[in-house]
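1. following is a predicted model, sequence given first.
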Amino acid sequence: MKSYTPRLNTFLYALVFACGCGGTFGQVLEPNRQATSSDYVDKLPAEKKSAMVVIIGDKGSGTGFFAKIKDNVFLITNMHVISGQTSIKAKTMDGTDVPITGIYGARDADIALLKLAEVPKAYFETEASVNTTNKTGDPILIPGNSLGGGTILQTEGKIVALGPVKIEHDAPTFHGNSGSPILNAVSWKVLGVDTESITVSLSDKSDTASAQNSSSQIKSSVRLFGYRLDSVSQWEAIEWGRFAQQSKRLEDANAYVTAVHSVLKHDLNGWKKHPSVNSAMTGLKEHVNRPRISATEITAKVETVVLNFRNALKKIEADAADSSRTCYGYISLRYQDLGDYARTMREFLDADKIR
């Protein structure tokens with residue numbers, strides 16, 4: 001049994017007796033006036049509105065849109081919109097169900113092409129070369145199912161930056177906008193698929209100083225990104241059963257890593273959500289509270305719990321490293337990030353060992 005420093009032991013003892021829980025930061029919308037018609041955007045041409053689709057699953061909702069890629073028209077959305085769902089339904093703006101006959105996924109991006117039983121009457125064209133026909137500051141429009149309300153809201157913005165795979169923009173988007181098209185507001189061609197937001201971390205002093213400088217190009221505490229459609233190097237056919245199994249395995253691993261992170265940040269409610277992590281921490285608390293328990297016995301129990309966490313994180317790292325060979329591209333992309341996350345926590349535990 002390997003030993004850990006008193007700092008880590010003291011930290012875990014505090015967790016055992018913690019009665020509070022961690023919290024999260026969030027924003028509360030507090031309208032201070034009645035909205036008027038001038039507050040809302042309706043710039044999408046009428047013939048293009050029928051190309052928008054609401055996607056509804058048993059575990060969440062998102063956005064999709066009809067678009068032509070080369071010579072075929074697909075229903076396009078994010079892979080993460082369909083991942084983890086037992087079933088999905090797609091409906092056009094007139095309430096018509098969209099029959100889906102197959103799925104293709106990007107090997108190197110969070111984009112799904114859903115095959116259609118028939119070609120829809122309305123669809124978008126896609127931009128063949130985003131970086132040669134668009135530039136920073138160009139106006140865009142993102143229509144989508146914001147906050148899963150089941151309606152398509154149109155949000156204006158501009159291109160903030162272009163990369164080889166992604167587009168950064170500043171059009172405010174929400175959960176439910178995943179899968180929305182990022183449209184050039186002049187040509188109405190699709191540049192990419194709205195995908196993710198990243199909260200800016202200013203834990204580094206030099207980053208903080210740069211952010212406070214008026215010349216900083218990081219203008220917001222949240223950065224918004226989409227994947228470029230023209231940058232996908234390979235599409236792969238997705239078999240739903242296999243994809244569902246891989247998604248479940250990934251989500252289970254993510255839930256474990258998140259629960260261990262909750263332990264490290266004293267978030268009692270967080271680790272209670274995971275059965276095995278909750279069992280380990282509950283067992284540790286019961287062990288510590290036994291009458292006439294010795295310090296040596298407590299130390300041994302703490303070390304066992306930490307070692308089990310460490311070994312499980314190491315296994316997730318190994319699975320992530322192997323995912324490029326065994327999993328679909330989208331699953332592998334997410335596994336790589338999760339493996340990095342697991343390694344960071346495992347290295348924290350390793351660094352506390354007495355050497």
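-> Yep, it's here.
2. all helices in the protein, in order from the N-terminus.
-> 6-17, 46-49, 79-82, 130-133, 205-212, 240-264, 268-272, 275-288, 295-326, 329-351 (DSSP state H).
3. rank these by pLDDT, which is bottom?
-> When those are compared by mean pLDDT, helix 6-17 comes last with a mean of 37.
4. domain ranges for this protein?
-> Using automatic domain parsing, the domain parsing of the chain gives 46-124, 127-231, 239-351.
5. put together TSV for those, with distance to residue 40 and mean neighbour count on each row.
-> C-beta: built from backbone N, CA, C; applies to glycine. Below are the domains of the chain laid out as TSV (distance: least, C-beta to C-beta, whole Å; neighbours: other C-beta atoms under 10 Å):
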stretch	distance to residue 40	mean neighbour count
domain 46-124	14	18
domain 127-231	8	17
domain 239-351	34	17
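6. about what we covered before: now the helices of the chain in a markdown table, with distance to residue 186?
-> Formatted as a markdown table, the helices of the chain follow (distance: least, C-beta to C-beta, whole Å):
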| stretch | distance to residue 186 |
| --- | --- |
| helix 6-17 | 56 |
| helix 46-49 | 13 |
| helix 79-82 | 27 |
| helix 130-133 | 10 |
| helix 205-212 | 32 |
| helix 240-264 | 37 |
| helix 268-272 | 46 |
| helix 275-288 | 52 |
| helix 295-326 | 39 |
| helix 329-351 | 31 |
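7. quick one, which of those helices is nearest to residue 141?
-> helix 46-49 (9.8 Å; C-beta to C-beta).
8. hang on, the earlier thing: now distance to residue 39 too, for the domains of the chain, in a markdown table please.
-> Shown next, in a markdown table, are these (distance: least, C-beta to C-beta, whole Å):
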| stretch | distance to residue 39 |
| --- | --- |
| domain 46-124 | 19 |
| domain 127-231 | 11 |
| domain 239-351 | 36 |
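9. I'd like the average pLDDT over stretch 59-77.
-> 95.
10. my bad, should have said stretch 89-107
-> Average pLDDT, stretch 89-107: 95.
11. same check, this time on stretch 181-199
-> Mean predicted confidence for stretch 181-199 is 95.
12. right, and the helices of the chain - which one's nearest residue 67?
-> Taking C-beta to C-beta, helix 46-49 is the member of the helices of the chain nearest to residue 67, at 10.5 Å.
13. residue contacts, residue 332?
-> Going by C-beta atoms under 8 Å, 6 or more residues apart in numbering, residue 332 touches 323, 324.
14. before we move on, the earlier item: the helices of the chain: which one's closest to residue 63?
-> For those, proximity to residue 63 was assessed by C-beta to C-beta; helix 79-82 is nearest, at 7.6 Å.
15. surely residue 185 meets residue 156?
-> Yes. If you go by C-beta atoms under 8 Å, residue 185 and residue 156 touch, sitting 7.2 Å apart.
16. any residues in contact with both of the two?
-> Common neighbours of residue 185 and residue 156, using C-beta under 8 Å, 6+ apart, are 43, 139, 140, 141.
17. let me have those in CSV, adding pLDDT as columns.
-> Formatted as CSV, those follow (pLDDT from 0 to 100):
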residue, pLDDT
43, 94
139, 97
140, 98
141, 98
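18. residue 160: which of these is nearest?
-> Among those, and counting by C-beta to C-beta, the member closest to residue 160 is residue 140, at 9.8 Å.
19. tell me the contacts of the closest one?
-> For residue 140, the contact set (C-beta under 8 Å, 6+ apart) comprises 156, 157, 158, 159, 169, 171, 182, 183, 184, 185, 191.
20. for the fifth one, give the beta-bridge partners.
-> Per DSSP bridges, the residues bridged to residue 169 are residue 159, residue 224.
21. from residue 116, how far off is it?
-> Residue 169 is 27 Å from residue 116, where distance means C-beta to C-beta, to the nearest Å.
22. what's the spacing between residue 59 and residue 79?
-> The gap separating residue 59 from residue 79 is 14 Å, by C-beta to C-beta.
23. check residue 211 too.
-> Going from residue 211 to residue 79 by C-beta to C-beta gives 32 Å.
24. wait, what's in contact with the residue lying closest to residue 164 once chain neighbours are set aside?
-> If the residues on either side of it in the chain are set aside, residue 164 comes closest to residue 231, at 6.2 Å by C-beta to C-beta, 6 or more residues apart in numbering. Residues in contact with residue 231 (C-beta under 8 Å, 6+ apart) are 109, 130, 164, 165.
25. surely the second one meets residue 230?
-> Think residue 130. Yes. With contact defined as C-beta under 8 Å, residue 130 reaches residue 230; the gap is 5.2 Å.
26. relative to residue 42, how far out is residue 53?
-> Residue 53 is 18 Å from residue 42, by C-beta to C-beta.
27. again, but for residue 174
-> 18 Å.
28. touching, residue 308 and residue 280? I think so.
-> Yes. With contact defined as C-beta under 8 Å, residue 308 reaches residue 280; the gap is 6.5 Å.
29. who are the neighbours in contact with the residue nearest to residue 240 when sequence neighbours are not counted?
-> Closest residue to residue 240 in three dimensions, ignoring its sequence neighbours and counting by C-beta to C-beta, 6+ apart: residue 103, at 6.9 Å. Contacts for residue 103 (C-beta under 8 Å, 6+ apart) come out as 82, 112, 113, 114, 115, 237, 238, 240, 243.
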